[in-house]
Every structure is written in C-alpha cells, then in structure tokens.
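Undergrad: Got a sequence here, can you build the structure:
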Amino acid sequence: MNHIDTIIFDIGGVLIDTNPKYLYRKLFQGDEEKLDWFLNQICTSDWNLEQDAGKNIHVATQELIEKYPDHDLMIKAYYERWEEMVAGTIEESVGLLQSLQLKNNYKLFALTNWSAETFPRALEIFDFLQYFDGIVVSGNENTRKPFPKIYQIILDRYKITPEKSVFIDDRFENISGAELMGIQGIHFKNPFQLKNDLLKLGILF
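TA: I've put the predicted structure just below:
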C-alpha cells in the first residue's frame with residue numbers, strides 16, 4: 001500500500017534544462033575543447049556550488065578574476081549571462097509535476113542548489129514553480145545538497161516525515177544524501193524513467 005504523501009523535486013536537471021555549456025558554446029564559438037578547459041579549470045562546478053551555498057556572486061567573481069585576470073570577460077559572463085545557460089523546461093517532467101499538482105493527493109516541494117541572488121529571476125521565468133507548496137533554495141540557507149543540514153531544513157520547515165517522502169534529483173550524490181536522512185530517492189535520468197519509478201512506488205497521476 002502506498003504510504004508516500006510528499007514528493008520533493010530538484011529543479012535544475014530535472015525540471016529545467018540548464019548547463020553552462022549552452023552559454024560558453026556561444027562565447028567560444030563552438031570550440032568544445034576551449035569551453036571544456038574553461039569550465040573544468042576556471043569557472044568550475046565546485047566554484048559555482050560555493051555561490052549555490054550562499055557566497056556573494058560579486059565577491060566570488062572578483063576573486064576569480066584576480067586569480068585569472070586574462071579571463072576576466074569570460075568569468076564575468078558566468079553570472080551576468082546565466083539565463084543563457086537555460087535551454088528551457090524539461091516539458092515531460094513539468095507535465096508529471098502538473099499532473100501531481102492537479103491530482104492534489106501529495107504535498108509537493110522543491111529542494112534546489114541555486115544562488116539566492118539569481119533564483120528570484122527563475123521564479124519570474126518559470127510559472128510551474130508556483131505548483132510547489134514550498135521551495136528550499138540552498139543559497140538562502142547557506143548550505144547545499146548533499147550536506148545533511150539542508151535535508152533537515154526542508155523536513156523541519158514543512159513537517160515532512162522522511163519515510164513518507166520521495167526525493168528526485170539528477171545527481172547521485174544528492175540522492176545518497178537524502179537517503180541517509182531516511183528519505184526515499186529516485187535518481188533522475190529522464191522523464192519516462194521517472195514516471196515508471198513513481199508508479200512502482202504506488203504514486204498515481
């Protein structure tokens with residue numbers, strides 16, 4: 001018998017198709033080797049995660065420019081033009097979310113690693129974010145997935161019972177972090193796999 005009453009979604013990579021390569025392909029005129037080097041050596045995912053965990057974007061940008069002054073324009077573009085990293089919604093995933101919201105059988109929340117400074121713009125762009133009963137944004141909490149603190153924040157804030165909840169994320173380490181807190185996890189690969197995994201848990205659309 002289905003005992004799940006709460007579904008928690010990641011946003012980037014599950015509901016929104018976002019990747020810094022979408023911007024830097026333009027800036028490097030399609031040179032994959034150069035853009036891969038830049039994103040692996042300078043504006044790295046670890047650097048971005050610092051801002052997702054609450055670090056000020058201007059401070060982080062200036063620090064990186066001081067370290068790599070020859071790449072100042074490319075570094076500035078990361079946050080000045082971050083909207084160009086977003087290709088749009090993952091429509092089938094948003095469709096699943098909408099079906100769940102209309103069915104009204106489950107509490108729906110989002111837990112995202114996202115800068116507090118840029119997330120308000122995402123709320124303006126993506127109407128579907130209004131479907132959630134609550135959203136926890138890492139940048140507002142000064143911590144991020146997969147650290148235990150951020151899962152405890154969402155559990156406490158919305159009075160979620162871990163064993164009655166399921167968390168969907170495209171990064172395995174974030175699923176592992178949730179499971180350590182007693183939350184069931186679904187490692188997102190595509191919307192069709194997600195729907196099948198939810199159906200296996202007895203979640204109906």
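Undergrad: show me where this structure has strands.
TA: Taking DSSP state E as the criterion, the chain carries its strands at 6-9, 16-18, 86-89, 107-112, 134-137, 165-169, 184-187.
Undergrad: could I get the ones you listed as JSON lines with mean neighbour count, mean pLDDT and distance to residue 27?
TA: In short, each C-beta sits where N, CA and C put it, glycine included. Shown next, in JSON lines, are the strands of the chain (neighbours: other Cβ atoms under 10 Å; pLDDT from 0 to 100; distance: least, Cβ to Cβ, whole Å):
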{"stretch": "strand 6-9", "mean neighbour count": "25", "mean pLDDT": "98", "distance to residue 27": "30"}
{"stretch": "strand 16-18", "mean neighbour count": "20", "mean pLDDT": "98", "distance to residue 27": "16"}
{"stretch": "strand 86-89", "mean neighbour count": "14", "mean pLDDT": "97", "distance to residue 27": "15"}
{"stretch": "strand 107-112", "mean neighbour count": "22", "mean pLDDT": "98", "distance to residue 27": "25"}
{"stretch": "strand 134-137", "mean neighbour count": "20", "mean pLDDT": "98", "distance to residue 27": "27"}
{"stretch": "strand 165-169", "mean neighbour count": "25", "mean pLDDT": "98", "distance to residue 27": "28"}
{"stretch": "strand 184-187", "mean neighbour count": "20", "mean pLDDT": "98", "distance to residue 27": "31"}
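Undergrad: Quick one, which of these gets closest to residue 156.
TA: Residue 156 lies closest to strand 134-137 among the strands of the chain, at 10.4 Å (Cβ to Cβ).
Undergrad: Can you report how many residues lie near residue 43?
TA: Applying other Cβ atoms under 10 Å, we find 21 residues neighbouring residue 43.
Undergrad: Quick one: residues contacting it.
TA: 20, 64, 74, 75, 78 (Cβ atoms under 8 Å, 6 or more residues apart in numbering).
Undergrad: for those residues, which one is nearest residue 194?
TA: Closest approach to residue 194 among these (Cβ to Cβ): residue 20, at 23.7 Å.
Undergrad: residues near the residue nearest to the closest one when sequence neighbours are not counted, how many?
TA: Closest residue to residue 20 apart from its sequence neighbours, by Cβ to Cβ, 6 or more residues apart in numbering: residue 85 at 5.0 Å. Neighbour count for residue 85, taken as other Cβ under 10 Å: 19.
Undergrad: Distance check, residue 85 against residue 19.
TA: Between residue 85 and residue 19 the distance is 6 Å, computed by Cβ to Cβ, to the nearest Å.
Undergrad: just residue 54 next, same as before
TA: 22 Å.
Undergrad: of those two, who's got more company?
TA: Between residue 54 and residue 19, counted using other Cβ under 10 Å, residue 54 has the larger neighbour count: 17 against 14.
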